[in-house]
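**Q** Predicted model and sequence below, questions to follow.
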Amino acid sequence: MAESAQAPELVYLVTGGCGFLGEHVVRMLLEREPRLRELRIFDLHLSPWLEELKTGPVQVTAIQGDVTQAQEVTAAVAGAHVVIHTAGLVDVFGRASPETIHKVNVWGTKNVIEACVQTGTQFLVYTSSMEVVGPNIKGHPFYRGNEDTPYEAVHKHPYPCSKALAEHLVLEANGRKVRGGLPLVTCALRPTGIYGEGHQIMRDFYRQGLRLGGRLFRAIPASVEHGRVYVGNVAWMHVLVARELEQRAALLGGQVYFCYDKSPYKSYEDFNMEFLGPCGLRLVGTRPLLPYWLLVLLAALNALLQWLLRPLLLYAPLLNPYTLAVANTTFTVSTNKAQRHFGYEPLFSWEESRTRTILWVQAMEGSAQ
Ligand SMILES: NC(=O)C1=CN([C@@H]2O[C@H](COP(=O)(O)OP(=O)(O)OC[C@H]3O[C@@H](n4cnc5c(N)ncnc54)[C@H](O)[C@@H]3O)[C@@H](O)[C@H]2O)C=CC1
Ligand SMILES: CC(C)CCC[C@@H](C)[C@H]1CC[C@H]2[C@@H]3[C@H](O)CC4=CC(=O)CC[C@]4(C)[C@H]3CC[C@]12C
């Protein structure tokens, strides 16, 4: 992958390229990777916006496929120089079964690794998650931690368990010989809670606020801090690390990096209000309106209802014992590992990230503005 002023030569594959993060990675690659010849977008569900990308200079190939199907993955990977594996089942609400989450996130990742080995693709970037580290089941805070901060990472929920297993597989595969004899170079990026244009949970909070007459009610103390990162910066970090994997294989191979930017540390709800506030919503209460024990009870009741109603319908509210525990535990990162290892600097300032997200919320149908 030596730098050349000649015709673009590289083929990239983005799995999950039609998802929230995947779309930003795809658009960022088209904007910022001049050596790109072909961009393959692999997803279970292909989005209509892909069509508009097909008119540009880079060949955009949309592949409808399932990461759990090894042959489909191998066919998509064959001939690619770099794979960015963002596809995953992001479910902490009990919509999918633990088996399905495991199948997509762990087997799917295994299939991607094996496809690289079989076809001779040498560079693999995996979208992991902060959830691989924590918050753990004991609710220990992780305060301004970095990649080396000791923390008891103990999980029970299927989503973090699956991300941890998949990340382990990716890192373990670093150095394996791919077809042709060259070593596979892998790394994992661990975003904290991602926000920005296309963020489904932000959309849900906004709509809920509109339904409640422009109000949201504080549930979590303002003192609980959450690490959040703008989707454009997460995408940029993927593009940059993918580009640098060949040049700095010895340093980057087998490494994990938290995704970070200059977004402020705040509670989950106060952070959301940075965008929802200018769009006409108000967060009621300086303290949680309900006592914590009552929230715990309601979360447990929701879990029970989900289980009881499962044969009849899918009941998957935002509040459950897991989301309450995550929302109620401080988890913030402070690191410069990505900057030291591959020169990452956030592409979007906090002000830009905020403005872009606000404009996106305002553009939503039924806006309070
Ligand atoms: N949203 C967040 O705050 C965070 C997300 N992540 C990770 O980032 C990645 C992307 O997440 P989001 O964009 O938020 O989720 P998303 O649900 O918007 O995107 C995931 C994409 O993967 C695709 N996909 C799901 N199952 C598939 C399968 N069997 N075969 C092929 N494609 C499949 C979906 O169709 C979707 O387009 C995931 O791996 C997730 O674990 C990590 C940290 C935070
Ligand atoms: C009503 C409740 C009291 C508050 C609900 C908020 C929760 C839905 C969200 C609070 C924290 C979020 C998670 C966090 O940002 C880390 C994540 C990383 C991922 O890889 C996937 C998403 C998530 C688990 C994210 C999910 C929503 C929250 C639990």
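**A** That came through, no problem. Numbering: from 1, shown residues only. Ligands and ions are numbered 1, 2, ... in the order given.
**Q** can we go C-alpha only for contacts and neighbour counts from here?
**A** Noted.
**Q** List the contacts of the one helix or strand R340 maps to.
**A** Assigned by DSSP states H and E, R340 belongs to helix 337-342. Helix 337-342 is touched from outside by E147, L240, V241, E244, R248, L251, L252, Y257, F258, C259, Y344, E345, with contacts defined as Cα atoms under 8 Å, 6 or more residues apart in numbering.
**Q** Off-centre distance for it?
**A** Helix 337-342 has its average C-alpha position 19 Å from the chain's average C-alpha position, going by Cα atoms, centre = their mean, to the nearest Å.
**Q** near ligand 1, which residues of this protein?
**A** 16-22, 43-45, 65-68, 86-90, 104, 127-129, 191-194 (Cα under 6 Å from any ligand atom).
**Q** Which SSE is immediately downstream of the helix holding R340?
**A** That would be, after helix 337-342 and using DSSP H and E, helix 350-362.
**Q** got the buried residues for that next one?
**A** Burial within helix 350-362, assessed by neighbour count using 16 or more other Cα atoms under 10 Å, is assigned to W350, S353, R354, T355, R356, T357, I358, W360, V361, Q362.
**Q** ok so, going back, turn the buried ones among the contacts of helix 337-342 into a named ChimeraX selection, would you?
**A** The ChimeraX command for the buried members of the contacts of helix 337-342 (criterion: 16+ other Cα under 10 Å) is given here:
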select :147,240,241,244,252,257,258,259,344,345
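**Q** Grab the nearest non-local neighbour of L89.
**A** Spatially, and ignoring its direct neighbours in sequence, L89 is nearest to I101 (5.9 Å; Cα to Cα, 6 or more residues apart in numbering).
**Q** ok, V133 - how many residues close by?
**A** Close neighbours of V133, defined as other Cα atoms under 10 Å, add up to 22.
**Q** how about the strands of this protein, start to end?
**A** 10-15, 36-43, 59-64, 82-85, 123-127, 142-145, 185-191, 193-195, 215-217, 228-230, 255-259, 282-284, 331-333 (DSSP state E).
**Q** In terms of secondary structure, what does the third one contact?
**A** Helices and strands touching strand 59-64, by 3 or more Cα pairs under 8 Å, 6 or more residues apart in numbering; DSSP states H and E, are strand 36-43.
**Q** for the first one, same thing?
**A** Applying 3+ Cα pairs under 8 Å, 6+ apart, one finds that strand 10-15 makes contact with helix 20-32, strand 36-43, strand 82-85.
**Q** Y265 reaches S223, doesn't it?
**A** No. Using Cα atoms under 8 Å, Y265 makes no contact with S223, being 10.0 Å away.
**Q** which of those two has more neighbours?
**A** A count of neighbours by other Cα under 10 Å puts Y265 above the other of Y265 and S223, at 19 against 13.
**Q** can you list the weak-confidence ranges in the stretch 1-150 of the chain?
**A** 1-7 (pLDDT under 70).
**Q** residue contacts, the residue nearest to L89?
**A** L89, D91, P158, Y159, S162.
**Q** Relative to L252, how far out is it?
**A** 28 Å (Cα to Cα, to the nearest Å).
**Q** repeat for T86
**A** In terms of Cα to Cα, T86 sits 18 Å off from L252.
**Q** Pull up the residues of the stretch 1-150 of the chain that are close to ligand 2.
**A** Checking the stretch 1-150 of the chain against ligand 2 by Cα under 6 Å from any ligand atom, the hits are V90, V92, S129, E131.
**Q** The nearest residue to E131 once chain neighbours are set aside - how many residues pack around it?
**A** Nearest residue to E131, sequence neighbours excluded (Cα to Cα, 6+ apart): P160, at 5.2 Å. Around P160 there are 27 other residues, counting by other Cα under 10 Å.
**Q** Quick check: P160 vs L314, distance?
**A** For P160 relative to L314 (Cα to Cα), the value is 22 Å.
**Q** now swap in A153 and tell me
**A** Taking Cα to Cα, one finds A153 at 30 Å from L314.
**Q** returning to that earlier point: in PyMOL, select just the buried ones from the residues of the stretch 1-150 of the chain next to ligand 2.
**A** Selection of buried members from these for PyMOL, criterion 16+ other Cα under 10 Å:
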select buried, resi 92+129+131
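**Q** ok, and the closest non-adjacent residue to the closest residue to ligand 2 within the stretch 101-250 of the chain?
**A** Among all residues of the stretch 101-250 of the chain, G193 sits closest to ligand 2, at 3.4 Å; criterion: Cα to the nearest ligand atom. The shortest distance from G193 to any non-neighbouring residue, by Cα to Cα, 6+ apart, is to R228 (4.7 Å).
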